[in-house]
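Engineer: Here's my sequence, what's the structure:
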Amino acid sequence: MESTDNIFWITNGEINQGGVTVLADVNIHLRKGEFVYLIGKTGAGKSSLLKTLYGELILAKGEGEVAGFKIHDLKRKDVPFLRRNLGIVFQDFQLLSDRNVNENLYFVMRSTGWNNKAEITKQAEDVLRLVGLDHQGTKMPHQLSGGEQQRVSIARALVNNPKFILADEPTGNLDPETSREIMAVLMAIAKEGTSVLMATHDMSIMEQFPSRTMKVENKTVVELNPMNVFNPFEQVKFE
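Structural biologist: Numbers count the residues shown, from 1 in each chain. Presented below is the predicted three-dimensional model:
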């Protein structure tokens, strides 16, 4: 569904991995500033879809575009440029344990082309403030709670002012209260205009923060609630 309002879209897409068709007849889109859940059983193809969106896999058939990059004709040399327009948040945080919070952010910025020290410092301060971690920049990851580490992970995803964020089970290792805090941060980010696609297995989070939902099943992706209304009676099953 190509549109100037879409941060990504795939039309008649097919995704292969290891010579096997994982998903076919994929027709999906994500609008600017939209928050969307991605659900489905383990092994259904969620990870393959995410990998296609950030350039790890090439769209085998059909057409698609992510942040202005055509993913059905993506050159390997263009993958780093695509990823500079994305932010990725992982379940296990993936922070560098040998450096403090600020240095974790500086590392990402320097590796993606930032070279002005004053600008790097200011951007780190700005994104930490955005996720509610003002004045925590000098702490080491092990000095932070799980929720605080995930906030750093979100801040890291925001340093390049991405057009949208891929969040892969961001509340998977967190307790319910901390999960709600992280969801509030992600929802606020979407309201500010940065689109968020969040893969999750957490039904309680979806009930508390209802939003549009895509489900990976039967080797394709379907819309469960295009009207953005969460239906607790929907037959959603996880493994």
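Engineer: Could you give the secondary structure assignment for Gly132?
Structural biologist: Put simply, Gly132 is coil when judged by DSSP: H, G, I helix; E, B strand; the rest coil.
Engineer: hang on, isn't it packed against Ala188?
Structural biologist: No. In terms of CB atoms under 8 Å, Gly132 does not count as a neighbour of Ala188; the distance is 9.8 Å. For the C-beta atoms, the positions are set from N, CA and C on the backbone; glycine is no exception.
Engineer: Mind listing residues that contact the helix or strand bottoming out on mean pLDDT in the chain?
Structural biologist: The helix or strand of the chain with the poorest confidence is helix 79-84; it has a mean of 89 (mean pLDDT, DSSP states H and E). Here helix 79-84 makes contact (CB atoms under 8 Å, 6 or more residues apart in numbering) with Tyr54, Gly55, Val66, Ala67, Phe69, Ile71, Leu74, Thr112, Gly113, Asn160, Pro162.
Engineer: Buried among those residues? Make that a ChimeraX selection.
Structural biologist: A single ChimeraX command is used to select the members of the contacts of helix 79-84 judged buried by 16 or more other CB atoms under 10 Å:
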select :54,55,66,67,69,71,74,160,162
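Engineer: Make CSV out of the contacts of helix 79-84 and add pLDDT.
Structural biologist: Formatted as CSV, those follow (pLDDT from 0 to 100):
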residue, pLDDT
Tyr54, 92
Gly55, 92
Val66, 94
Ala67, 91
Phe69, 93
Ile71, 93
Leu74, 91
Thr112, 86
Gly113, 86
Asn160, 92
Pro162, 92
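Engineer: Mind giving me the packing neighbours of the helix or strand Phe107 falls within?
Structural biologist: Assigned by DSSP states H and E, Phe107 belongs to helix 101-111. Packing partners of helix 101-111 (3 or more CB pairs under 8 Å, 6 or more residues apart in numbering; DSSP states H and E): helix 117-130, helix 146-158.
Engineer: so that helix versus helix 146-158, what angle?
Structural biologist: 20 degrees (axes from the mean of the first three to the mean of the last three CA atoms, to 10 degrees).
Engineer: Give the buried residues for helix 101-111.
Structural biologist: Buried residues in helix 101-111, defined by neighbour count with 16+ other CB under 10 Å: Val101, Asn102, Asn104, Leu105, Tyr106, Val108, Met109.
Engineer: Equivalent analysis for stretch 83-103, please.
Structural biologist: In stretch 83-103, counting by 16+ other CB under 10 Å, buried: 83, 85-91, 93, 95, 100-102.
Engineer: Give me the neighbour count for Pro176.
Structural biologist: The number of residues packed near Pro176 is 12, by other CB atoms under 10 Å.
Engineer: mind checking how far the closest residue to it other than its chain neighbours is from Leu174?
Structural biologist: For Pro176, ignoring the flanking residues on the chain, the nearest one in space by CB to CB, 6 or more residues apart in numbering is Ser204 at 6.8 Å. Applying CB to CB, to the nearest Å, the value for Ser204 to Leu174 is 12 Å.
Engineer: higher neighbour count, those two?
Structural biologist: When Ser204 and Leu174 are compared for neighbours, Leu174 comes out ahead with 22 against 11, by other CB under 10 Å.
Engineer: the longest helix in this structure is where?
Structural biologist: Longest helix in the chain by number of residues (criterion: DSSP state H): helix 176-191.
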